[in-house]
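Asks: Quick one: sequence and predicted model below, then my questions.
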Amino acid sequence: MNNWGYASHNGPEVWHDLFPLANGDRQSPIDIKTQDANYDPGLMPLHFSYDPSSAKVIINSGHTFSLEFDDGEDKSVLRGGPLHGTYRLRQLHFHWGPCDDYGAEHKVNGTDYAAELHLVHWNSEKYSSFVDAANKPDGLGVVAVFLKVGEHNRNLKRITDAFDAINTKGKKSTFTNYDPSCLFPGCKDFWTYPGSLTVPPLLESVIWIVLKEPITISSRQLSKFRSLLCTRSEDGSEPCYMETNHRPVQPLRGRK
(Lines give C-alpha, C1' and ligand atoms only; values in the text may rest on other atoms or scores of the structure.)
Protein backbone atom coordinates (compact mmCIF):
# COMPACT_ATOMS: atom_id res chain seq x y z
CA MET A 1 0.00 0.00 0.00
CA ASN A 2 3.05 2.26 -0.04
CA ASN A 3 3.34 2.52 -3.83
CA TRP A 4 1.16 5.62 -4.07
CA GLY A 5 2.61 8.99 -4.96
CA TYR A 6 1.94 12.09 -7.03
CA ALA A 7 3.12 11.00 -10.49
CA SER A 8 0.72 10.18 -13.33
CA HIS A 9 0.94 6.42 -12.74
CA ASN A 10 0.40 6.48 -8.94
CA GLY A 11 -1.07 9.93 -8.19
CA PRO A 12 -4.45 11.17 -6.95
CA GLU A 13 -6.17 10.31 -10.25
CA VAL A 14 -5.63 6.58 -9.62
CA TRP A 15 -5.77 6.41 -5.81
CA HIS A 16 -9.32 5.04 -6.00
CA ASP A 17 -7.89 1.83 -7.50
CA LEU A 18 -5.98 1.13 -4.27
CA PHE A 19 -8.05 2.98 -1.71
CA PRO A 20 -11.86 2.69 -2.06
CA LEU A 21 -12.39 5.59 0.37
CA ALA A 22 -11.16 7.93 -2.38
CA ASN A 23 -14.77 7.94 -3.56
CA GLY A 24 -16.22 8.46 -0.07
CA ASP A 25 -18.74 11.03 1.10
CA ARG A 26 -16.41 13.18 3.24
CA GLN A 27 -13.20 13.42 1.25
CA SER A 28 -10.73 16.30 1.46
CA PRO A 29 -9.61 18.85 0.43
CA ILE A 30 -12.55 20.98 -0.73
CA ASP A 31 -13.15 24.35 -2.33
CA ILE A 32 -14.57 26.52 0.45
CA LYS A 33 -17.39 28.64 -0.97
CA THR A 34 -17.59 31.44 1.57
CA GLN A 35 -21.08 32.52 0.52
CA ASP A 36 -22.36 29.04 1.36
CA ALA A 37 -20.69 28.83 4.78
CA ASN A 38 -22.93 29.01 7.86
CA TYR A 39 -21.86 31.22 10.77
CA ASP A 40 -22.00 29.25 14.03
CA PRO A 41 -21.97 31.54 17.11
CA GLY A 42 -21.54 28.47 19.31
CA LEU A 43 -18.03 27.73 18.06
CA MET A 44 -15.37 28.49 20.66
CA PRO A 45 -12.07 30.25 19.94
CA LEU A 46 -9.13 27.96 19.22
CA HIS A 47 -6.75 27.36 22.10
CA PHE A 48 -3.25 26.12 21.29
CA SER A 49 -0.83 25.04 24.01
CA TYR A 50 2.39 23.76 22.47
CA ASP A 51 5.48 22.76 24.46
CA PRO A 52 8.62 23.32 22.31
CA SER A 53 10.31 20.38 24.04
CA SER A 54 7.79 17.98 22.47
CA ALA A 55 9.36 18.45 19.01
CA LYS A 56 11.49 15.40 18.27
CA VAL A 57 12.52 14.73 14.67
CA ILE A 58 12.20 15.94 11.08
CA ILE A 59 11.60 13.24 8.47
CA ASN A 60 11.58 12.94 4.66
CA SER A 61 8.81 10.41 3.94
CA GLY A 62 9.21 10.56 0.17
CA HIS A 63 5.83 12.29 -0.06
CA THR A 64 6.55 15.36 2.09
CA PHE A 65 8.69 16.33 5.05
CA SER A 66 7.23 16.28 8.53
CA LEU A 67 8.07 17.37 12.05
CA GLU A 68 7.13 14.68 14.57
CA PHE A 69 6.12 15.47 18.15
CA ASP A 70 6.00 13.50 21.38
CA ASP A 71 2.30 12.74 21.85
CA GLY A 72 2.64 10.39 24.81
CA GLU A 73 1.07 12.96 27.13
CA ASP A 74 -0.75 16.28 26.95
CA LYS A 75 2.34 18.44 26.34
CA SER A 76 1.25 19.99 23.05
CA VAL A 77 -2.50 20.19 22.58
CA LEU A 78 -5.35 21.90 20.76
CA ARG A 79 -8.75 22.65 22.26
CA GLY A 80 -11.79 24.72 21.33
CA GLY A 81 -13.23 25.57 17.95
CA PRO A 82 -15.37 22.65 16.74
CA LEU A 83 -13.47 20.14 18.91
CA HIS A 84 -14.83 18.45 22.01
CA GLY A 85 -12.06 17.68 24.46
CA THR A 86 -8.29 17.65 24.08
CA TYR A 87 -6.41 16.81 20.88
CA ARG A 88 -2.67 16.09 21.05
CA LEU A 89 -0.28 17.30 18.36
CA ARG A 90 1.20 14.36 16.46
CA GLN A 91 3.01 15.97 13.53
CA LEU A 92 3.02 18.77 10.98
CA HIS A 93 3.75 18.66 7.27
CA PHE A 94 3.35 20.74 4.12
CA HIS A 95 1.83 20.41 0.64
CA TRP A 96 2.99 22.43 -2.38
CA GLY A 97 2.95 22.54 -6.16
CA PRO A 98 5.40 22.70 -9.09
CA CYS A 99 5.32 26.49 -9.23
CA ASP A 100 4.65 29.46 -6.95
CA ASP A 101 1.12 30.00 -8.30
CA TYR A 102 -0.59 26.99 -6.75
CA GLY A 103 0.10 24.03 -4.49
CA ALA A 104 -2.26 24.38 -1.54
CA GLU A 105 -4.85 21.64 -1.21
CA HIS A 106 -7.92 23.59 -0.06
CA LYS A 107 -9.19 26.46 -2.16
CA VAL A 108 -11.29 29.47 -1.16
CA ASN A 109 -13.85 30.51 -3.78
CA GLY A 110 -11.65 28.80 -6.36
CA THR A 111 -8.55 30.76 -5.31
CA ASP A 112 -5.24 28.93 -5.02
CA TYR A 113 -2.45 29.52 -2.54
CA ALA A 114 1.19 28.55 -3.01
CA ALA A 115 1.32 25.90 -0.27
CA GLU A 116 -0.51 24.57 2.77
CA LEU A 117 0.62 23.59 6.26
CA HIS A 118 -1.21 20.82 8.14
CA LEU A 119 -0.91 20.32 11.90
CA VAL A 120 -2.29 16.89 12.76
CA HIS A 121 -3.83 16.31 16.21
CA TRP A 122 -5.67 13.32 17.64
CA ASN A 123 -8.46 13.01 20.19
CA SER A 124 -6.62 11.81 23.30
CA GLU A 125 -9.66 12.32 25.50
CA LYS A 126 -11.68 9.57 23.80
CA TYR A 127 -9.06 7.32 22.22
CA SER A 128 -5.95 5.52 23.44
CA SER A 129 -3.62 6.14 20.49
CA PHE A 130 -3.24 7.96 17.20
CA VAL A 131 -3.88 4.74 15.27
CA ASP A 132 -7.12 4.15 17.17
CA ALA A 133 -8.26 7.75 16.70
CA ALA A 134 -7.44 7.78 12.98
CA ASN A 135 -10.24 5.30 12.36
CA LYS A 136 -12.95 7.27 14.21
CA PRO A 137 -15.18 10.04 12.75
CA ASP A 138 -14.03 12.53 15.42
CA GLY A 139 -10.57 11.06 15.87
CA LEU A 140 -8.38 13.70 14.21
CA GLY A 141 -8.30 17.49 14.26
CA VAL A 142 -6.18 19.02 11.51
CA VAL A 143 -5.39 22.72 11.36
CA ALA A 144 -4.63 24.01 7.87
CA VAL A 145 -2.66 27.22 7.25
CA PHE A 146 -2.36 28.72 3.77
CA LEU A 147 1.00 30.02 2.53
CA LYS A 148 1.26 32.77 -0.08
CA VAL A 149 4.41 33.94 -1.82
CA GLY A 150 5.74 37.13 -0.30
CA GLU A 151 8.13 38.07 2.47
CA HIS A 152 10.80 35.68 3.69
CA ASN A 153 9.38 33.72 6.63
CA ARG A 154 11.98 33.66 9.39
CA ASN A 155 9.99 31.05 11.33
CA LEU A 156 10.43 28.60 8.44
CA LYS A 157 14.19 29.13 8.22
CA ARG A 158 15.06 26.66 10.95
CA ILE A 159 13.02 24.01 9.15
CA THR A 160 14.57 24.59 5.71
CA ASP A 161 18.03 24.74 7.29
CA ALA A 162 17.48 21.11 8.34
CA PHE A 163 16.85 19.92 4.76
CA ASP A 164 20.49 18.97 4.12
CA ALA A 165 20.12 16.24 6.73
CA ILE A 166 16.91 14.83 5.21
CA ASN A 167 17.47 15.40 1.51
CA THR A 168 16.47 11.88 0.43
CA LYS A 169 13.53 9.58 1.19
CA GLY A 170 13.71 7.86 4.56
CA LYS A 171 16.19 10.26 6.13
CA LYS A 172 15.44 11.70 9.56
CA SER A 173 17.23 14.11 11.87
CA THR A 174 16.78 15.30 15.42
CA PHE A 175 14.71 18.48 15.57
CA THR A 176 13.96 19.79 19.04
CA ASN A 177 12.90 22.93 20.89
CA TYR A 178 10.44 24.24 18.30
CA ASP A 179 7.06 25.84 18.94
CA PRO A 180 4.90 25.40 15.82
CA SER A 181 2.53 28.16 16.88
CA CYS A 182 5.12 30.55 15.42
CA LEU A 183 3.77 29.45 12.03
CA PHE A 184 0.24 30.70 12.73
CA PRO A 185 -1.14 33.97 11.35
CA GLY A 186 -2.16 36.71 13.74
CA CYS A 187 -5.88 36.10 13.19
CA LYS A 188 -7.23 32.67 14.18
CA ASP A 189 -10.63 32.95 12.46
CA PHE A 190 -11.42 29.70 10.69
CA TRP A 191 -13.74 27.58 8.59
CA THR A 192 -14.48 24.04 9.74
CA TYR A 193 -16.04 20.98 8.11
CA PRO A 194 -15.93 17.15 8.41
CA GLY A 195 -13.44 15.57 6.04
CA SER A 196 -10.65 13.09 5.51
CA LEU A 197 -6.92 12.70 5.33
CA THR A 198 -5.66 14.08 2.01
CA VAL A 199 -3.15 11.25 1.64
CA PRO A 200 -3.78 7.50 1.52
CA PRO A 201 -5.46 5.67 3.14
CA LEU A 202 -7.75 8.78 2.99
CA LEU A 203 -9.48 7.91 6.27
CA GLU A 204 -12.66 9.94 6.87
CA SER A 205 -11.77 10.86 10.44
CA VAL A 206 -10.74 14.53 10.24
CA ILE A 207 -12.42 17.59 11.71
CA TRP A 208 -10.84 20.26 9.54
CA ILE A 209 -10.00 23.72 10.88
CA VAL A 210 -8.88 25.92 7.98
CA LEU A 211 -7.48 29.27 9.10
CA LYS A 212 -8.70 32.16 6.97
CA GLU A 213 -5.56 34.31 7.10
CA PRO A 214 -2.47 33.07 5.22
CA ILE A 215 1.18 33.39 6.19
CA THR A 216 3.97 34.23 3.76
CA ILE A 217 6.79 32.19 2.26
CA SER A 218 9.44 33.47 -0.12
CA SER A 219 10.01 31.97 -3.56
CA ARG A 220 13.46 30.88 -2.45
CA GLN A 221 12.05 29.04 0.56
CA LEU A 222 9.42 27.35 -1.59
CA SER A 223 12.06 26.22 -4.06
CA LYS A 224 13.83 24.50 -1.16
CA PHE A 225 10.69 22.44 -0.55
CA ARG A 226 10.87 21.29 -4.18
CA SER A 227 14.58 20.46 -3.87
CA LEU A 228 13.88 17.50 -1.57
CA LEU A 229 14.11 14.06 -3.16
CA CYS A 230 11.31 11.49 -3.08
CA THR A 231 13.80 8.73 -3.86
CA ARG A 232 16.45 7.03 -1.71
CA SER A 233 20.11 7.85 -2.25
CA GLU A 234 21.22 4.24 -1.87
CA ASP A 235 18.85 2.50 -4.29
CA GLY A 236 20.68 3.64 -7.43
CA SER A 237 17.61 5.14 -9.08
CA GLU A 238 17.53 8.49 -10.83
CA PRO A 239 17.01 11.37 -8.39
CA CYS A 240 13.37 12.42 -8.38
CA TYR A 241 12.50 15.78 -6.89
CA MET A 242 9.45 16.41 -4.71
CA GLU A 243 8.05 18.99 -7.11
CA THR A 244 4.42 18.60 -6.12
CA ASN A 245 2.45 16.75 -3.44
CA HIS A 246 -1.09 18.11 -3.32
CA ARG A 247 -4.45 16.43 -3.90
CA PRO A 248 -7.11 18.18 -6.01
CA VAL A 249 -10.35 19.34 -4.38
CA GLN A 250 -13.06 16.73 -3.82
CA PRO A 251 -16.89 16.86 -4.10
CA LEU A 252 -18.68 18.37 -1.11
CA ARG A 253 -21.46 15.75 -1.24
CA GLY A 254 -23.93 17.70 0.86
CA ARG A 255 -21.53 18.77 3.61
CA LYS A 256 -21.67 22.25 5.12
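Replies: Everything's here; your move.

Asks: what residues are up against Pro45?
Replies: Counting by C-beta atoms under 8 Å, 6 or more residues apart in numbering, Pro45 touches Gly80, Gly81, Lys188. Glycine gets a C-beta too; all of them are placed from N, C-alpha and C.

Asks: Dig out what the first one forms beta bridges with.
Replies: What that stands for is Gly80. With DSSP bridges as the criterion, Gly80 is bridged to Leu46.

Asks: returning to that earlier point: in JSON lines, list the contacts of Pro45 along with pLDDT and neighbour count.
Replies: Conversion of the contacts of Pro45 to JSON lines gives the following (pLDDT from 0 to 100; neighbours: other C-beta atoms under 10 Å):
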{"residue": "Gly80", "pLDDT": "98", "neighbour count": "15"}
{"residue": "Gly81", "pLDDT": "98", "neighbour count": "19"}
{"residue": "Lys188", "pLDDT": "97", "neighbour count": "17"}
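
Asks: ok, those vs Ile159, which is closest?
Replies: Nearest to Ile159 among these: Lys188, at 21.3 Å, using C-beta to C-beta.

Asks: The closest one should be in a helix, yeah?
Replies: No: assigned with DSSP: H, G, I helix; E, B strand; the rest coil, Lys188 falls outside any helix and is coil.

Asks: is it true that it touches Leu46?
Replies: Yes: the pair Lys188 and Leu46 qualifies as a contact (C-beta atoms under 8 Å) at a distance of 5.1 Å.

Asks: ok so, going back, switch the contacts of Pro45 over to TSV; also include distance to Thr174.
Replies: TSV is the format used below for the contacts of Pro45 (distance: C-beta to C-beta, whole Å):
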residue	distance to Thr174
Gly80	31
Gly81	32
Lys188	30
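
Asks: Can you tell me which of those is closest to Asn153?
Replies: For these, the closest approach to Asn153 (C-beta to C-beta) belongs to Lys188, at 17.8 Å.

Asks: how about low-confidence regions in this structure?
Replies: Scanning the chain for pLDDT under 70 picks out 1-2, 234-236.

Asks: now the strands for it?
Replies: Under the criterion DSSP state E, the chain contains strands at 31-32, 46-49, 55-60, 65-69, 77-80, 87-96, 107-108, 115-123, 140-149, 172-174, 190-195, 206-211, 215-217.

Asks: With respect to Glu238, which of these lies nearest?
Replies: Glu238 lies closest to strand 55-60 among the strands of the chain, at 17.0 Å (C-beta to C-beta).

Asks: neighbouring contacts of that closest one?
Replies: 65-70, 159, 162, 165-180, 228-229.

Asks: switch the cut-off to 6 Å
Replies: With contact meaning C-beta atoms under 6 Å, 6 or more residues apart in numbering, strand 55-60 is reached by 66-70, 162, 166, 169, 171-176, 178, 228.

Asks: Could you check how far the closest residue to Ala37 other than its chain neighbours is from Gly139?
Replies: Leaving aside its sequence neighbours, Ala37 sits nearest to Trp191 (C-beta to C-beta, 6 or more residues apart in numbering; 6.0 Å). Here Trp191 is placed at a distance of 20 Å from Gly139 (C-beta to C-beta, to the nearest Å).
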